[in-house]
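Student: can you look at this prediction? I've put the sequence above it.
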Amino acid sequence: MNSLGADTSADPFDRFPTLPADSYATHEVMNQATPLTGHNAFTGDKLLTEIARREKICWADGLLTDAGATVASAHVAKLARDANRNLPELKSHDRFGNRIDQIEFHPAWHELMSLAIGHGTHALSWTAKQPGAHVARGMLSYLWNQGENGICCPLGMTYSAIPALRLQPELAAIWEPFILSSRYDATSAPMQRKTGGTVGMTLTEKQAGSDLRATQTTARPAAARRGPGEAYLIDGHKWFFSVPHSDLFVTLAHTDRGLSCFLLPGWLPDGSRNHLQIQRLKDKCGNKSNASSEIEYRGALGWLVGEEGQGIKAALAMTHLTRLDFAIGSAGLMRRALSEAIHHTTGRRAFQRSLIDQPLMQNVIADMALEAEAATLLAFRLARAVDDEQAGDARAALLVRIGTPVGKYFNCKRVVGLVHEALECHGGNGFVEEGPMRGSIARRRSTASGKAAAISSPSTCCAPPPGRPRAYPPSSTRCGWPRVATNASTG
């Protein structure tokens, strides 16, 4: 008897029979593909290894093999999923009302950045001192675009900023070792207190878009001295401010002598934020783990890069390599989409056959494979041209000049359709946030669309190069490219 007088000698739960451990299930889960993890995205990619062998970059095999295993691991897949589910947030003020303009990220974002920077994805072209360094770094970008595309924006901009930075050697001497460091540091602090940093690019304004000469932002000397390397005060706005938590920014502003290029530190030596105010973060259709913003300059301090009035030329030193990185990254997106489609259709059956054994599905997969291979070959041919150009090959410089915007346009345009085709191979399973490719191919498709629109839209890439065309002698051409080019000094 218990305290209430009830008879407890016969527990009603004793009448329940023992159930089998799996009896809760109402059905057997079957005919579902497994997650595509645990392979090596480098050694398992025949085309990529053939390109590496052809370009004679065996010195990077160990690094690329390690990166290939990392990006295809279940751990990175979880980090990418967490980074995309827990999006960056703008903290404009602290709890006391002080303006701080900081971006808060999920820890997964920072771990992904640390892994990729540890591989040298942002820096290998400049630190390796080996032949084919741009090809090898491009392969790291190709691989990490398959791991988590969101982090590849700050990595690619940091990589591409070096030529612009080197236009002002005294600034490069200070900043280059810092941004090429392989030690990621997420601290919001001046570079004097950090182990490494990243670079952002902020060129676009509301009224201008890719027409950079329509820039409204203004700059004036901060002291009596003016000219390359001197300090200027900058006022205005930027409509697409990429990676606003970066440590250094490349930007454009008009002085009384014309449109000019400036380097802005994110933080000042005393620990305060430079005078740039983040108005809001962009609510983008894709690439959501990465923050993009709208900002206003309110007397922000920056250094002039190159001569006043030569801003377009200085900025193009950066945007040209950014376009190359977009072409490579889009090829990486294609490869991941193709891999997921092959994996899914191999592991799922319909009508008594694996999907990949269905004749029409074989046609679809074959078309996707051909497209992805073409995009990859194009991207790494351009990367080799950059290596050749830096070795002093004038013909390669012409190929880079014309071929890079073409490659950016073509690969970024084609990746959208290919990723959509991969989504259709998965059926409904591809259109859910828990689906393949770290949170649905649907998100990957949105990211691919963003690549097509960013860093010069297709309409801009297709515009005739400015300047008066001039003929080059036959010896300056290669691979069937026309003997027509434009005045490089006009952009």
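Tutor: Thanks, I have it. The model shown is predicted, which means the values in this text are computed figures rather than measured ones. Numbers count the residues shown, from 1 in each chain.
Student: kindly tell me how buried G271 is, as a neighbour count.
Tutor: Per other CB atoms under 10 Å, the neighbour tally for G271 reads 11. C-beta coordinates here come from the backbone N, C-alpha and C atoms, glycine included.
Student: wait, what's in contact with it?
Tutor: Counting by CB atoms under 8 Å, 6 or more residues apart in numbering, G271 makes contact with A189, P190, R193.
Student: now stretch 190-198: how far from the chain's centre is it?
Tutor: From the chain centre to the centre of stretch 190-198 is a distance of 21 Å (CA atoms, centre = their mean, to the nearest Å).
Student: contact partners of it?
Tutor: Residues outside stretch 190-198 that contact it (CB under 8 Å, 6+ apart) are 117, 122, 154-155, 157-158, 175, 178-179, 181-185, 187, 243, 246-248, 265, 267-271.
Student: and that stretch, how far apart are its ends?
Tutor: 12 Å (CA to CA, to the nearest Å).
Student: just put the contacts of G271 in TSV and tack on secondary structure.
Tutor: Shown next, in TSV, are the contacts of G271 (DSSP: H, G, I helix; E, B strand; the rest coil):
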residue	secondary structure
A189	coil
P190	coil
R193	helix
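Student: just to revisit the earlier point, hmm, which of the contacts of stretch 190-198 are the buried ones?
Tutor: With neighbours counted by 16 or more other CB atoms under 10 Å, the contacts of stretch 190-198 contain buried members at 117, 122, 154-155, 157-158, 175, 178-179, 181-182, 184-185, 243, 246-248, 265, 267.
Student: narrow those residues to those in strands?
Tutor: Using DSSP state E, L248, P265 are the members of the buried ones among the contacts of stretch 190-198 that sit in strands.
Student: one step back: and of the contacts of G271, the nearest to R323?
Tutor: P190 (30.7 Å; CB to CB).
Student: for this protein, what spans make up the strands?
Tutor: Taking DSSP E as the test, the strands found in the chain are 89-93, 99-104, 199-202, 218-221, 231-242, 248-255, 258-265, 276-281, 292-305, 349-350, 353-354, 470-471, 484-485.
Student: R323: which of those strands is closest?
Tutor: In terms of CB to CB, the element of these nearest to R323 is strand 199-202, at 11.7 Å.
Student: buried residues in the closest one?
Tutor: V199, G200, M201, T202.
Student: pLDDT on that strand, on average?
Tutor: Strand 199-202 shows a mean pLDDT of 94.
Student: give me the contacts around it.
Tutor: Outside strand 199-202, the residues that touch it by CB under 8 Å, 6+ apart are 154, 157-158, 160-161, 179, 238, 240-244, 246-251, 295, 318-319, 322.
Student: can you check stretch 170-179 too?
Tutor: Contacts with stretch 170-179, where a contact means CB under 8 Å, 6+ apart, come from 122-123, 126, 158, 161-162, 165-166, 191, 194, 196-199, 229, 247-248, 263, 303, 305.
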